[in-house]
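Q: Sequence and computational prediction follow.
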Amino acid sequence: MIIANGKPIEEVLKSLEGHKKVAVLGCRGCVTVCLAGGEKEVGILASQIRMAREQAGQPVEVLEGTVERQCDYEYFEQVKDIIEEADAIVSIACGVGVQGVAETFPEKVVYPGLNTMFMGANLNVGVWAERCQGCGNCVLEISGGVCPVARCSKSLMNGPCGGSQNGKCEISKDVDCGWQLIYDRLSKIGRVDSLRNIIPPKDWSTSRDGGPRKLVREDLQLESGK
Amino acid sequence: MKAGSNLEKLLRAGEFVATGEIGPPKSCDANVITHAGEMLRNHADAFNLTDNQTAIVRMSSIAAGKILTDMGIDPIIQMTCRDRNRIGLQSDALGAAALGIKNVLCLSGDHQRFGNHPMAKNVWDMDAITLIQTLDGLRKGYFQNGEEIKKCEPPKFFIGCAANPFADPFEFRVTRLEKKVDAGADFVQTQCILDMERFERWMELVRERGLHERCFITAGLMPIKSAKGARYMQKNVAGMMVSDEICERLEKAEDVKAEGVQLVVDQINYIRKNIKGVAGVHIMAVAWEEIIPTIIEKAGLAPRPKVS
Amino acid sequence: MAGQVARLETFQPEIVAFCCENSGYLAAQMAIEAKLSYPQTVTLVKLPCSGRVDALFLLKALENGADGVMVLACQKENCKFLKGNVRAEQRIEATRKTLQRIGIQPERVAFCHLAANMGHKFVEEVRGLYGKLTELGPNPGKVRK
């Protein structure tokens, strides 16, 4: 899922300076699961904003709302009232949701309440780690199910580089060397010999490097959507 | 002969080569390069010019290489994949060839996290291995995309690479070198050897695969000025291994600098006498370049041979 | 000046105490039965475990009129749900930091470990926070006054 983390409250308060009525908008998708932007976090942020502004002598009215998914724009219909009533929206969905608010309510001011970080897994309570970069051209079949793009600090296709020692990456002893993981996995499944082959430079055109991406599936498209 | 650089000619003539390293300045002061060039000329066969080493912004290795070329000194320009994509790398390689630079050392490059611009975006469109392959392609007349280089002779490169016997997984290190040789590497410079036993084990594997006959292997050496520095590298520098023996030797020394020099001299003698398949030494005297002539002299490698 | 002094004198801090039903709440009951005197502006909220406490509870209490909040948890290593009291303490620490960053004194949030039979300790803790809040004055962040 998409992992996000709350922006420093100071940053949010700075964005909201001068606004009299704001709506904090949560999302029940990924950010609820990673405890950053669900209904509870809406309550916490709204409360923080009210108290911060109260003690600063600049009270503000804060409306609260949470939708099923801010990346499916039809759900905004449910919170249309509070959005229209507010003079600014703080979306605590991922960056997709913030843009969803902006696209759906073109005349409204919208601010991000979270920093969207990565696509990752929940390794333990309170611990998330990156696993995928969405390069659009998956290579996991050759790397034993460990992604060199996301897990090697240099996204090398022919690692490990000379900075790999004791299973750790040169950037930090807290970061596993992605290529050591690949090597270990391929050893376990009896395919380590495949690393003898040179993997050619990756085609990055399917990644962000090819420009903003869009997926259209004609088998799913509705006539009305065309 | 691939490019006919001084380094290549000597290696092909079977000479035991000695190369050095010059770190370009953190400025546009060309005198730093000319001064180092004058000081080191004739004391080694070719000199590496580091490419923004440890991700600290410095004068371009190609520009610094051109300054040496003009002085009649053979440069080895380092190229890392950290800061340039395949477009920039090929363009710069063509530019280097146009300026008369022949030796190119292909590296992945240090991560920028510990450099002086840690907020930079990195590239790594390619890695060291595919960069070698790309330069090999260029000298065969093709760009990385397969397009032919037209209306001109292809550039000539003597392609180098690094190998780190001290990184992990150990058994894969030789395979990775083999991949580099397959990709087209002509010569190799190892990470500095501060653990001779491990280097010997690695060389054994290299010889088993016959890699010493497919490329020239030069042993990386580093004179160390301080015992504390040695311990620091032992504990904190990723991809380095420093034996306790070396640390203790420096710790016990009265004149640590002299001991540091003697250590490298001993290493050179040991390698020449005992380790088959090593074609030369590469001396990385970081911020201590002036010591290179002394080491060469003491190791009996002076005067450097001349080739035409 | 005189008016201000008068106001401070009449200021009676409102406290919301979140109590674990296995310790804090029972201790409070004991204090009541034993007729121990403690400030009457304390509102008790019974929780199945102190681990049920959440930043949201604490913030909403402060926003809605409390001058201070407290969490009364079981003794260390003595949580019926094993780690509830540990997690409560982690959340309280995080809430204190948050409050500090929005200009509200973190001392307005108190936390203590106690056992079910410690009515006196309950009173002591409540009085302690009450005294501190009297010095701090009204919660500047409360929206409902």
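A: Thanks, I have it.

Q: ok, now which ones touch the one residue in the stretch 201-308 of chain B that gets nearest to chain A?
A: Of all residues in the stretch 201-308 of chain B, B:A238 sits closest to chain A, at 3.7 Å by CB to the nearest CB. Heads up, the C-betas are built off the backbone N, CA and C, glycines and all. Counting by CB atoms under 8 Å, 6 or more residues apart in numbering or on different chains, B:A238 touches A:G163, A:S164, A:Q165, A:K168, A:C169, A:E170.

Q: is it possible to export those residues to CSV including neighbour count, distance to chain B and secondary structure?
A: Listed next are those as CSV, based on neighbours: other CB atoms under 10 Å in any protein chain shown; distance: CB to the nearest CB, whole Å; DSSP: H, G, I helix; E, B strand; the rest coil:
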residue, neighbour count, distance to chain B, secondary structure
A:G163, 23, 5, coil
A:S164, 26, 5, coil
A:Q165, 21, 5, strand
A:K168, 17, 7, strand
A:C169, 26, 8, strand
A:E170, 23, 4, coil
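
Q: residue closest to the middle of chain B?
A: The centroid of chain B falls nearest to B:Q189 when counting by CA atoms, centre = their mean (4.8 Å).

Q: That one - that's part of a helix, no?
A: No. With DSSP: H, G, I helix; E, B strand; the rest coil as the criterion, B:Q189 is strand rather than part of a helix.

Q: Could you list the low-confidence segments of the chain?
A: By default, I'm working from chain A. Along chain A, the parts satisfying pLDDT under 70 run over A:224-226.

Q: nope, chain C please
A: Checking chain C against pLDDT under 70 turns up C:1-9.

Q: So what does the residue lying closest to the residue nearest to the centre of chain B once chain neighbours are set aside look like in phi/psi?
A: Among residues not flanking B:Q189 along the chain, B:H282 sits closest, at 4.3 Å (CB to CB, 6 or more residues apart in numbering or on different chains). Main-chain dihedrals, B:H282, degrees, to the nearest 10: phi -120, psi 120.

Q: how about the strands of chain A, start to end?
A: A:2-6, A:21-27, A:61-67, A:88-91, A:110-112, A:114-124, A:127-132, A:168-169, A:172-176 (DSSP state E).

Q: Reduced to three states, what does the residue in chain B positioned nearest to chain C come out as?
A: Nearest to chain C, among the residues of chain B, is B:M119, at 24.3 Å (CB to the nearest CB). What three-state DSSP gives for B:M119 is coil.

Q: which residues touch it?
A: So B:M119 contacts nothing (CB under 8 Å, 6+ apart).

Q: Also A:E10?
A: By CB under 8 Å, 6+ apart, the neighbours of A:E10 are C:R101.

Q: I'd like to know how far it sits from B:A120.
A: When distance is defined by CB to CB, to the nearest Å, A:E10 is 26 Å away from B:A120.

Q: Over to B:V174?
A: 33 Å.

Q: The two: who's more crowded?
A: Ranked by neighbour count (other CB atoms under 10 Å in any protein chain shown), B:V174 and B:A120 place B:V174 first, with 21 against 14.

Q: Next one: the more buried one relative to B:I275, how far apart?
A: According to CB to CB, B:V174 stands 15 Å off from B:I275.

Q: Looking at chain A, what residue ends up closest to chain C?
A: When scored by CB to the nearest CB, chain A has A:M51 as its residue closest to chain C, at 3.1 Å.

Q: isn't that residue right next to C:L62, touching?
A: Yes. With contacts counted by CB atoms under 8 Å, A:M51 reaches C:L62, the gap being 6.5 Å.

Q: Overlap of the contact sets of these two?
A: By CB under 8 Å, 6+ apart, the residues touching both A:M51 and C:L62 are C:L99, C:I104, C:G141, C:K142.

Q: what are the ranges of the helices in chain C?
A: C:2-10, C:24-33, C:55-63, C:84-101, C:119-136 (DSSP state H).

Q: Quick one: list the elements packing against the last one.
A: Looking back up the chat, that one is helix C:119-136. Contacts defined by 3 or more CB pairs under 8 Å, 6 or more residues apart in numbering or on different chains; DSSP states H and E place helix C:119-136 against strand C:15-20, helix C:24-33, strand C:68-73, strand C:109-113.

Q: How about the second one?
A: Here helix C:24-33 is seen to pack against strand C:15-20, strand C:42-47, strand C:68-73, helix C:119-136 when contacts are counted using 3+ CB pairs under 8 Å, 6+ apart.

Q: Just say which of these is most tucked in.
A: Mean neighbours per residue, mean count of other CB atoms under 10 Å in any protein chain shown, is largest over those for strand C:68-73, with a mean of 28.

Q: what's that strand packed up against?
A: So strand C:68-73, by 3+ CB pairs under 8 Å, 6+ apart, packs with strand C:15-20, helix C:24-33, helix C:55-63, helix C:84-101, strand C:109-113, helix C:119-136.

Q: At the contact with chain C, which residues of chain A appear?
A: A:8-10, A:13, A:40, A:43-44, A:47-48, A:50-52, A:54-56, A:59 (CB under 8 Å from any CB of the partner chain).

Q: switch the cut-off to 7 Å
A: A:9-10, A:40, A:43-44, A:47-48, A:50-52, A:54-56 (CB under 7 Å from any CB of the partner chain).
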